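In: Okay, sequence plus prediction incoming.
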Amino acid sequence: MVAVGDIVLLGSGLRYAVLGFLGNPNGGQDAKLIRRNSDGSYSSFQKSAEFLISAETPAFEPGEQVTIDGFKGQFMSREADGDVARVMLEPRRRQSAGGGFIQIEPGVCRASYALLVLENRKV
(Lines give C-alpha, C1' and ligand atoms only; values in the text may rest on other atoms or scores of the structure.)
Protein backbone atom coordinates (compact mmCIF):
# COMPACT_ATOMS: atom_id res chain seq x y z
CA MET A 1 0.00 0.00 0.00
CA VAL A 2 1.25 3.48 -0.82
CA ALA A 3 0.98 6.63 1.32
CA VAL A 4 0.83 10.39 0.74
CA GLY A 5 4.20 11.58 -0.54
CA ASP A 6 5.26 8.23 -1.98
CA ILE A 7 6.61 8.24 -5.51
CA VAL A 8 4.87 5.68 -7.71
CA LEU A 9 5.71 4.27 -11.10
CA LEU A 10 2.98 3.85 -13.67
CA GLY A 11 2.92 1.43 -16.60
CA SER A 12 3.93 4.26 -18.92
CA GLY A 13 7.20 4.64 -16.97
CA LEU A 14 6.24 8.06 -15.63
CA ARG A 15 6.76 8.80 -11.95
CA TYR A 16 4.10 10.58 -9.88
CA ALA A 17 3.80 11.67 -6.25
CA VAL A 18 0.74 10.54 -4.27
CA LEU A 19 -1.15 13.70 -3.30
CA GLY A 20 -4.01 12.06 -1.39
CA PHE A 21 -6.76 9.45 -1.41
CA LEU A 22 -10.52 9.38 -1.90
CA GLY A 23 -13.17 6.71 -2.10
CA ASN A 24 -14.37 5.34 -5.42
CA PRO A 25 -17.80 3.93 -6.44
CA ASN A 26 -16.48 0.34 -6.20
CA GLY A 27 -15.81 0.71 -2.46
CA GLY A 28 -12.04 0.98 -2.91
CA GLN A 29 -9.69 3.93 -2.82
CA ASP A 30 -8.37 6.06 -5.65
CA ALA A 31 -5.07 7.87 -5.31
CA LYS A 32 -4.71 11.45 -6.50
CA LEU A 33 -1.40 11.61 -8.37
CA ILE A 34 0.63 14.64 -9.45
CA ARG A 35 3.85 15.31 -11.36
CA ARG A 36 5.69 18.31 -12.75
CA ASN A 37 6.08 18.46 -16.52
CA SER A 38 9.25 19.64 -18.28
CA ASP A 39 7.62 23.03 -19.02
CA GLY A 40 6.92 23.67 -15.31
CA SER A 41 3.19 22.87 -15.49
CA TYR A 42 1.61 20.02 -13.55
CA SER A 43 -0.24 16.87 -14.59
CA SER A 44 -2.55 15.04 -12.25
CA PHE A 45 -5.16 12.31 -12.31
CA GLN A 46 -6.72 9.57 -10.21
CA LYS A 47 -5.93 5.88 -10.31
CA SER A 48 -7.04 2.96 -8.19
CA ALA A 49 -4.57 2.70 -5.29
CA GLU A 50 -4.39 -1.08 -5.55
CA PHE A 51 -2.71 -0.86 -8.97
CA LEU A 52 0.09 1.51 -7.97
CA ILE A 53 3.70 0.37 -7.82
CA SER A 54 5.74 2.13 -5.14
CA ALA A 55 9.09 3.33 -6.50
CA GLU A 56 10.28 5.30 -3.46
CA THR A 57 9.13 6.48 -0.04
CA PRO A 58 10.98 9.79 0.40
CA ALA A 59 11.90 10.93 3.87
CA PHE A 60 13.33 14.20 5.11
CA GLU A 61 15.54 14.64 8.17
CA PRO A 62 14.92 17.50 10.63
CA GLY A 63 17.14 20.42 9.58
CA GLU A 64 17.47 19.21 5.98
CA GLN A 65 17.57 22.07 3.46
CA VAL A 66 14.41 22.15 1.32
CA THR A 67 12.44 24.58 -0.81
CA ILE A 68 8.71 25.06 -0.78
CA ASP A 69 7.11 27.14 -3.51
CA GLY A 70 10.61 28.42 -4.30
CA PHE A 71 11.32 29.62 -0.75
CA LYS A 72 14.34 28.16 1.07
CA GLY A 73 13.98 26.59 4.48
CA GLN A 74 14.68 23.61 6.72
CA PHE A 75 12.41 20.62 7.13
CA MET A 76 11.12 20.34 10.70
CA SER A 77 8.63 17.46 10.86
CA ARG A 78 5.53 15.80 9.48
CA GLU A 79 2.26 16.29 11.31
CA ALA A 80 0.58 13.26 12.87
CA ASP A 81 -1.67 12.51 9.87
CA GLY A 82 1.39 12.51 7.57
CA ASP A 83 -0.22 14.70 4.89
CA VAL A 84 1.31 17.98 6.13
CA ALA A 85 4.95 18.99 6.59
CA ARG A 86 6.28 21.80 8.76
CA VAL A 87 9.12 23.85 7.28
CA MET A 88 11.05 26.72 8.92
CA LEU A 89 11.39 29.30 6.15
CA GLU A 90 14.57 31.36 6.03
CA PRO A 91 14.40 35.15 6.37
CA ARG A 92 13.95 36.93 3.07
CA ARG A 93 13.34 40.33 1.53
CA ARG A 94 10.58 41.42 -0.82
CA GLN A 95 10.51 44.58 -2.83
CA SER A 96 7.61 46.89 -2.00
CA ALA A 97 5.60 48.84 -4.56
CA GLY A 98 7.36 52.01 -3.39
CA GLY A 99 10.77 50.65 -4.40
CA GLY A 100 12.01 49.79 -0.90
CA PHE A 101 12.37 46.39 0.67
CA ILE A 102 10.40 44.60 3.35
CA GLN A 103 12.27 42.21 5.61
CA ILE A 104 10.35 38.98 6.30
CA GLU A 105 11.53 37.17 9.41
CA PRO A 106 11.91 33.37 9.63
CA GLY A 107 8.66 31.54 10.18
CA VAL A 108 7.10 28.09 10.21
CA CYS A 109 4.87 27.16 7.30
CA ARG A 110 2.60 24.17 6.84
CA ALA A 111 2.76 22.59 3.39
CA SER A 112 1.45 19.52 1.62
CA TYR A 113 3.97 16.72 2.15
CA ALA A 114 3.38 15.50 -1.41
CA LEU A 115 4.18 18.95 -2.84
CA LEU A 116 7.32 19.11 -0.69
CA VAL A 117 8.38 15.77 -2.18
CA LEU A 118 7.52 16.98 -5.68
CA GLU A 119 9.75 20.04 -5.31
CA ASN A 120 12.68 18.39 -3.51
CA ARG A 121 12.96 14.88 -4.96
CA LYS A 122 13.25 13.61 -8.52
CA VAL A 123 9.72 12.67 -9.52
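Out: Everything's here; your move.
In: When you work out contacts or count neighbours from here on, use the C-alpha atoms and nothing else.
Out: Will do.
In: Tell me what the nearest residue to residue 37 once chain neighbours are set aside is bridged to.
Out: What sits nearest to residue 37 in space, not counting adjacent residues and going by CA to CA, 6 or more residues apart in numbering, is residue 43, at 6.8 Å. Here residue 43 sits in beta bridges with residue 35, as judged by DSSP bridges.
In: residue contacts, residue 43?
Out: Residues near residue 43 by CA atoms under 8 Å, 6 or more residues apart in numbering: 34, 35, 36, 37.
In: Now, of those residues, which are buried?
Out: Neighbour-count burial (16 or more other CA atoms under 10 Å) is assigned, among the contacts of residue 43, to 34, 35, 36.
In: between those residues, which is nearest residue 15?
Out: Proximity of the buried ones among the contacts of residue 43 to residue 15 was ranked by CA to CA; the top entry is residue 35 with 7.2 Å.
In: who touches that closest one in this structure?
Out: Neighbouring residues of residue 35 by CA under 8 Å, 6+ apart: 15, 16, 17, 42, 43, 44, 118, 123.
In: Number of residues surrounding the residue nearest to the first one when sequence neighbours are not counted?
Out: Think residue 15. For residue 15, ignoring the flanking residues on the chain, the nearest one in space by CA to CA, 6+ apart is residue 9 at 4.7 Å. Here the neighbour count serves as a burial measure; for residue 9 (other CA atoms under 10 Å) it reads 17.
In: Which strand residues bridge residue 9?
Out: Beta-bridge partners for residue 9, by DSSP bridges, are residue 15, residue 53.
In: got the residue ranges for the strands in the protein?
Out: With strands called from DSSP state E, the chain shows them at 7-9, 15-23, 29-36, 42-48, 53-56, 65-68, 71-78, 84-89, 92-95, 101-104, 107-112.
In: nearest to residue 1, of the ones you listed?
Out: Taking CA to CA as the criterion, strand 53-56 is the member of the strands of the chain that comes nearest to residue 1, at 8.0 Å.
In: Residue nearest the middle of the protein, spatially speaking?
Out: Using CA atoms, centre = their mean, the residue of the chain that lies closest to the mean C-alpha position is residue 115, 1.6 Å off.
In: OK, contacts around that one?
Out: Under the criterion of CA under 8 Å, 6+ apart, the contact list for residue 115 reads 5, 19, 68.
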